[in-house]
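Enquirer: following is a predicted model, sequence given first.
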Number of protein chains: 4
Amino acid sequence: MPQKIKVGIVGATGYTGVELARLLLNHSHVDLSFLTSQQYSGQNLSQVYPAFEGHDLALEELNVALMAKRVDAVFLCLPHHEAMNTAKSFLDKGVKVLDLSADFRLKEASTYEKWYGPHSQKEILKEAVYGLPELHRAQIKKAKLVACPGCYPTSIILGLAPLLSEKLISSEDIICDSKSGVSGAGRSAKIETLFCEVNESFKPYNIGKHRHTPEIEQELSQLAGQDTKILFSPHLVPMDRGILSTIYAKPTRKLSSKDFTDCFKKFYKNEKFIRILPVGSFPATASVRGTNFCHISVLLDARTGRVVVCSAIDNLTKGASGQAIQALNVMHGFSEDLGLSNTALIP
Amino acid sequence: MPQKIKVGIVGATGYTGVELARLLLNHSHVDLSFLTSQQYSGQNLSQVYPAFEGHDLALEELNVALMAKRVDAVFLCLPHHEAMNTAKSFLDKGVKVLDLSADFRLKEASTYEKWYGPHSQKEILKEAVYGLPELHRAQIKKAKLVACPGCYPTSIILGLAPLLSEKLISSEDIICDSKSGVSGAGRSAKIETLFCEVNESFKPYNIGKHRHTPEIEQELSQLAGQDTKILFSPHLVPMDRGILSTIYAKPTRKLSSKDFTDCFKKFYKNEKFIRILPVGSFPATASVRGTNFCHISVLLDARTGRVVVCSAIDNLTKGASGQAIQALNVMHGFSEDLGLSNTALIP
Amino acid sequence: MPQKIKVGIVGATGYTGVELARLLLNHSHVDLSFLTSQQYSGQNLSQVYPAFEGHDLALEELNVALMAKRVDAVFLCLPHHEAMNTAKSFLDKGVKVLDLSADFRLKEASTYEKWYGPHSQKEILKEAVYGLPELHRAQIKKAKLVACPGCYPTSIILGLAPLLSEKLISSEDIICDSKSGVSGAGRSAKIETLFCEVNESFKPYNIGKHRHTPEIEQELSQLAGQDTKILFSPHLVPMDRGILSTIYAKPTRKLSSKDFTDCFKKFYKNEKFIRILPVGSFPATASVRGTNFCHISVLLDARTGRVVVCSAIDNLTKGASGQAIQALNVMHGFSEDLGLSNTALIP
Amino acid sequence: MPQKIKVGIVGATGYTGVELARLLLNHSHVDLSFLTSQQYSGQNLSQVYPAFEGHDLALEELNVALMAKRVDAVFLCLPHHEAMNTAKSFLDKGVKVLDLSADFRLKEASTYEKWYGPHSQKEILKEAVYGLPELHRAQIKKAKLVACPGCYPTSIILGLAPLLSEKLISSEDIICDSKSGVSGAGRSAKIETLFCEVNESFKPYNIGKHRHTPEIEQELSQLAGQDTKILFSPHLVPMDRGILSTIYAKPTRKLSSKDFTDCFKKFYKNEKFIRILPVGSFPATASVRGTNFCHISVLLDARTGRVVVCSAIDNLTKGASGQAIQALNVMHGFSEDLGLSNTALIP
């Protein structure tokens, strides 16, 4: 049995940071060695989130030199741009980095700079592995720097991987209509995500312009073996957690809903976190809430000749912190579901 | 100034019935002469809905013979199949009928029977006018039987009418990804719409199989002047009211987002209830909650060459009862916004 | 018939400001002459709230000198402390002021200063009338400066007025357990009222320390004719609008639930906005949402000998902007329900 | 280390049944041997709740004779009246019973019959132990029949136990104002708990008449050593899970908020699931969601001389299924938090 490892969380009081804390407290092979917070350093995590009452989790200021000595790996839950330099510092001290920002997801620095602005650590971009275990398990195993996927990209890439890699759909004319809970917007004080601004409303935003677009296209292009563009439409749902992507594509062959479903089952047959639903069922975000599971349905709409994939994840778990822990497990030879075996709350 | 008219509501305690009551109480030219209820007859509406405390609105059993004498027009808020015979009875007594069920929406009885089952009043199907004032105002004006449009169809047809009638998009390859609040499922006791079953969850249902599909296609085909098929994907949002349809189509000409937006503004320039949002804005269901407005945005996604229309309505108001009152106003020569001039609650 | 009047809203983009705009647009005797906003001046209200699309409502910077000439009365929707000086400026120009802040609610400057801090307009405190029409109609009629009641106080004072004024309860030992929707916290960007911080949670706050306590006690003391203290416990409910106060008191006489209910009916028999529910019923906030109504139930718990009053209002309407308009109607001799006759949205 | 045990769940598809399944799947010392369901027998739990996709959990018809042989203990998640006979049957076969209904909570059959109707198993009432481990641990250890406490009673009894057992409050004049999420109403199809009927609303129900009253009074009387009556006011909150009880009592001695808080800390110092919050803090239901924790705050309101206790639990976990597992752990000598160590989802 592998030894226990020590990890730290940088930026522990945002929603992805606290989700890591929640999950790691139930991880049998991980010790949580430090948590940092700019805003709340000096306090205990339970003062910010009383759900942690009874756990003694001090929030410290980040000090890479000291903290690097205390851990084997570190999770970075920092804003874009901030993460890149911190990652470099930890890597230089020999600490493995799982970065939950967008800073190392795009292979091409120029693409990053087009969508996000300047990149100051281009030289380590090459070392970064895109942390989707279902597609890049072998590389993650050896990685020092894991770029954890975005939430929308996780739901969409998992929903299209079997179809593109088997050439069952055209790589043109893919539409991804995604719907996300509000926690995806993070925990900073903004009028737009006040309760009264989003409750009892549903709306699209940034259609065709969302920053997750190049990340999705990078991975889909690799799967398809050719340049692949998508139309990506994000929407905001008045709920805390969950992403449901409804994906429309054109089949290249005449297959039935059952054929497509079988293809998904085969493609993911060894995956612990992917569940392919029976033909005629559809995933609901509540069924994966707080878990690392991805539920997928696929059907052929015979009337219009389109294939429709529906893919549901929890944006904070499989779409962020859970997936980062899954990658950590892969990196350290642990069973992939250590710390991730819980079932969703019902209701 | 036109005279006051008298109307009745058959099935007044369902969500569309009570929405009619709410709106008609503020209508200066309508007297509410009767309300019927199978389940609650003998009670007062305020006993079922305490929001009506202070109004004396008795719930009676339906008696067409007696009630027909008391009204000029009647709203039918009955389940499919039940509405058709009641409509016939009132029409025979010279009462105008606004039917909120699906029973008279489809021109072809065979289409109705394929999606809904047997139709027992085929002979009056021809008299029925599809009650979308923005498209069929002249016919509604003379109609005796108005088939009020479904909620999803209203949002989709209004979102596509300018594009199809101007031949700016292909009539093939239209995808309608719609999201509805829970009130669309009505007020009957079902496990699936219990609070704990739908709250904090988002999910698709009946993709490619929803009964509103033929109704939408009938109207789009007429607008396009040719047979038009759509892929229609409904989803359930954890909120009371609202529908947001995100519609994807292929342009036939190279137009910009601004061109498309101008085309919509022109098409709807005399419409009181249609608002075309500025380029770059997107509609939110909360902005039209409880109102008869439809908010529409349109954009060209230059990366993929698709036009994307977003259309938001309140499913119970513009998608049902408000639109029925709008049709009533048209039929009686009233200003079209009588009883419908309120602004949405914020928040 | 009285003439139309002209009014302005200072601070039109907060939740009470925009609620005033919504209601006044449907008021037959009021012209909305100006709206001010510090943050959004230069824009149109529909740019901040697309629900107002189609209305041309410019947001201006406040300029008392110019604006005073354009109106008969002004609503102040400003933070505490800011309102007092603006009120003075408008009063000096002969404009009637309806202030929705706490600045003029407390008769004693010393009480104000204890709970809110320094008061710079003590000399006009005496002119201010506490704007609860059900209790102070005659004074409001002649008032130049109306201090519109707080939301919690409205629900509690209306729930206790019949009991205290008829000496049916002891003025000691009153407990007010109140529950409010999130809009009561206003529209400023704060982490505590982000969707994900309050959704799916229920919690008390500031028990025994809430600033509405002295305001409630001032009015109750006046009703009781003696010093009256309450224990006031506010709680936050994950919903947009509504306050429900559950009030516990000790009866001085042996009366039944029916006796108490009859007493309430008699006390409020001429009131348009107070509805006393039948014995055995309880009010729900949804029944008064977006309306100026207050629903009240009263019962005697025979087992413990306590009387329990439940009182429901919409915090933004009867608890703020609707009540301010009701006061405006009183001041100008209008029917008290002008602009306030709508029924709650169901659902 | 104690051996693994085998358990069954009777009535596995209601909300308490499925919560047991969720928790027991993560319990290292329990094998789930059977699940029964009247409505869904023949199906798999994952067909009713897709959250269980990947787990093979067959739903069977209840057969006590066969099933008793397969288990050491059984959880009964049945309606009142139904549970009592099933309990008897399992007890007769030597199976320990943890009953989540009200059937064995009241010591006096006559009290049961007054509030719930006839009791057909009075002779085994004496064997039943009230399953609140914090108060009855020793008896639970030896029990064959555990009557798991109701959700409201759990929150209230835990909030009052230190005060009553230390005689710090009067046993008269206790008011319990409780607020519960909707899952407390169960999963049967009823109009009253449809999403649109409870969403965006807050309301009291059954004040002074709720069936949990005698259960609360029985335990409080025992703690106080004298007959104790309460005024119990339940309310419905538009959220899935959680109960918050705000409890008002009269102190018998002059103690400060800190004194009271220290008393609670001392009383519960060895308890794994009770957290006493610092003076000035208040519990929120979200902090205990999906967990077996109870968060409690206590303060003295110096202005009115009342002590106020706020107590938060998850109604389905500490208020039902989690507490039942805690009792199971006690009965079998397991660490009390086996299967119950998860932290609440944030957000």
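Expert: Structure's in. What do you need?
Enquirer: distance of the residue of chain A positioned farthest from its centre from B:D227?
Expert: Most distant residue from the mean C-alpha position of chain A: A:R303, 34.1 Å away (Cα atoms, centre = their mean). Note on A:R303: its distance to B:D227, by Cβ to Cβ, to the nearest Å, is 12 Å. Just so you know, the C-beta spots here come from the backbone N, C-alpha and C atoms, and that holds for glycine as well.
Enquirer: re earlier: might you report the residue contacts of the residue farthest from the centre of chain A?
Expert: B:208, B:213, B:229, B:231 (Cβ atoms under 8 Å, 6 or more residues apart in numbering or on different chains).
Enquirer: could you rerun that using 6 Å?
Expert: B:K229 (Cβ atoms under 6 Å, 6 or more residues apart in numbering or on different chains).
Enquirer: what does the one 3 residues further on give?
Expert: Contacts were defined as Cβ under 6 Å, 6+ apart; by that measure A:R306 touches A:248, B:231.
Enquirer: what residues are bridge-paired with it?
Expert: A:D301 (DSSP bridges).
Enquirer: tell me how far it lies from B:Q226.
Expert: Distance of A:R306 to B:Q226, given as Cβ to Cβ: 20 Å.
Enquirer: hmm, back to that, three-state assignment of the residue farthest from the centre of chain A?
Expert: Classification of A:R303 by DSSP: H, G, I helix; E, B strand; the rest coil places it in coil.
Enquirer: gap between it and B:T228?
Expert: Computed as Cβ to Cβ, the A:R303 to B:T228 distance reads 12 Å.
Enquirer: any idea how far A:A327 is from C:E19?
Expert: As judged by Cβ to Cβ, A:A327 and C:E19 stand 49 Å apart.
Enquirer: measure the closest residue to chain C within the stretch 1-150 of chain A to A:E82 for me?
Expert: Proximity of the stretch 1-150 of chain A to chain C (Cβ to the nearest Cβ) peaks at A:Y15, 7.0 Å away. Distance, A:Y15 to A:E82, by Cβ to Cβ: 16 Å.
Enquirer: those two - which one has more neighbours?
Expert: Neighbour count, other Cβ atoms under 10 Å in any protein chain shown: between A:Y15 and A:E82, A:Y15 has more, with 23 against 15.
Enquirer: that one: what's it in contact with?
Expert: Here A:Y15 is in contact with A:183, A:187, A:316 (Cβ under 6 Å, 6+ apart).
Enquirer: which of those residues has the largest number of neighbours?
Expert: Busiest of these [other Cβ under 10 Å] is A:L316, holding 31 neighbours.
Enquirer: per-residue confidence at that one?
Expert: Per-residue confidence (pLDDT) for A:L316: 98.
Enquirer: contacts only, for it.
Expert: With Cβ under 6 Å, 6+ apart, A:L316 has these contacts: A:15, A:19, A:183, A:241.
Enquirer: can you classify the third one by secondary structure?
Expert: This points to A:S183. helix.
Enquirer: what's around the residue in the stretch 51-200 of chain A positioned nearest to chain B, how many residues?
Expert: Nearest residue of the stretch 51-200 of chain A to chain B: A:C196, at 3.7 Å (Cβ to the nearest Cβ). Counted with other Cβ under 10 Å, the neighbours of A:C196 add up to 26.
Enquirer: please name the nearest non-neighbouring residue to it.
Expert: The shortest distance from A:C196 to any non-neighbouring residue, by Cβ to Cβ, 6 or more residues apart in numbering or on different chains, is to B:P347 (3.7 Å).
Enquirer: same thing with A:S321?
Expert: Counting by Cβ to Cβ, 6+ apart, the residue nearest A:S321 is A:E19, at 3.9 Å.
Enquirer: off-centre distance for the helix or strand the one you found falls within?
Expert: If you go by DSSP states H and E, A:E19 is part of helix A:15-24. Relative to the mean C-alpha coordinate of its chain, helix A:15-24 is positioned 13 Å out (Cα atoms, centre = their mean, to the nearest Å).
Enquirer: quick one: list the elements packing against the helix or strand that that helix is followed by.
Expert: Downstream of helix A:15-24, the first helix or strand assigned by DSSP H and E is strand A:30-36. Contacts defined by 3 or more Cβ pairs under 6 Å, 6 or more residues apart in numbering or on different chains; DSSP states H and E place strand A:30-36 against strand A:5-10, strand A:59-60.
Enquirer: the shortest one pairs with which strands?
Expert: Strands flanking strand A:59-60 in the sheet, each with its direction: strand A:30-36 (parallel) (DSSP bridges).
Enquirer: buried residues, the very next helix or strand once past the strand it pairs with. List them.
Expert: Sequence order places helix A:45-48 as the next helix or strand after strand A:30-36, per DSSP H and E. Under the neighbour-count criterion of 16 or more other Cβ atoms under 10 Å in any protein chain shown, helix A:45-48 has A:45-46, A:48 buried.
Enquirer: does helix A:45-48 reach chain C?
Expert: No - Helix A:45-48 is not in contact with chain C by Cβ under 6 Å from any Cβ of the partner chain; minimum separation 9.8 Å.
Enquirer: just the CA atoms of that helix, as PDB, please.
Expert: What follows is helix A:45-48, C-alpha atoms only, in PDB (Å, rounded to 0.1, in the frame of the first residue of the first chain):
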ATOM      1  CA  LEU A  45     -11.100  27.800   8.400                       C
ATOM      2  CA  SER A  46     -14.100  27.200  10.700                       C
ATOM      3  CA  GLN A  47     -14.400  31.000  11.300                       C
ATOM      4  CA  VAL A  48     -14.900  31.500   7.600                       C
END
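Enquirer: other residues contacting that helix?
Expert: Contact partners of helix A:45-48, identified using Cβ under 6 Å, 6+ apart, comprise A:13, A:40, A:52-53, A:57.
Enquirer: any chance of the residues you listed in TSV, plus neighbour count?
Expert: As requested, these are exported to TSV (neighbours: other Cβ atoms under 10 Å in any protein chain shown):
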residue	neighbour count
A:T13	23
A:Y40	17
A:F52	22
A:E53	22
A:L57	19
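Enquirer: for A:K266, which non-adjacent residue is spatially closest?
Expert: A:P162 is the one closest to A:K266 (Cβ to Cβ, 6+ apart), at 7.9 Å.
Enquirer: would you agree the one you found falls within a helix?
Expert: Yes - checked against three-state DSSP, A:P162 lies within a helix.
Enquirer: and the strands in chain A?
Expert: Assigned by DSSP state E, the strands in chain A fall at A:5-10, A:30-36, A:59-60, A:73-76, A:96-99, A:129-130, A:145-147, A:174-180, A:203-204, A:230-236, A:243-249, A:274-276, A:294-301, A:306-313.
Enquirer: export those strands as JSON lines, with columns for distance to C:V129.
Expert: JSON lines is the format used below for the strands of chain A (distance: least, Cβ to Cβ, whole Å):
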{"stretch": "strand A:5-10", "distance to C:V129": "57"}
{"stretch": "strand A:30-36", "distance to C:V129": "55"}
{"stretch": "strand A:59-60", "distance to C:V129": "51"}
{"stretch": "strand A:73-76", "distance to C:V129": "59"}
{"stretch": "strand A:96-99", "distance to C:V129": "61"}
{"stretch": "strand A:129-130", "distance to C:V129": "67"}
{"stretch": "strand A:145-147", "distance to C:V129": "64"}
{"stretch": "strand A:174-180", "distance to C:V129": "49"}
{"stretch": "strand A:203-204", "distance to C:V129": "42"}
{"stretch": "strand A:230-236", "distance to C:V129": "44"}
{"stretch": "strand A:243-249", "distance to C:V129": "53"}
{"stretch": "strand A:274-276", "distance to C:V129": "65"}
{"stretch": "strand A:294-301", "distance to C:V129": "61"}
{"stretch": "strand A:306-313", "distance to C:V129": "57"}
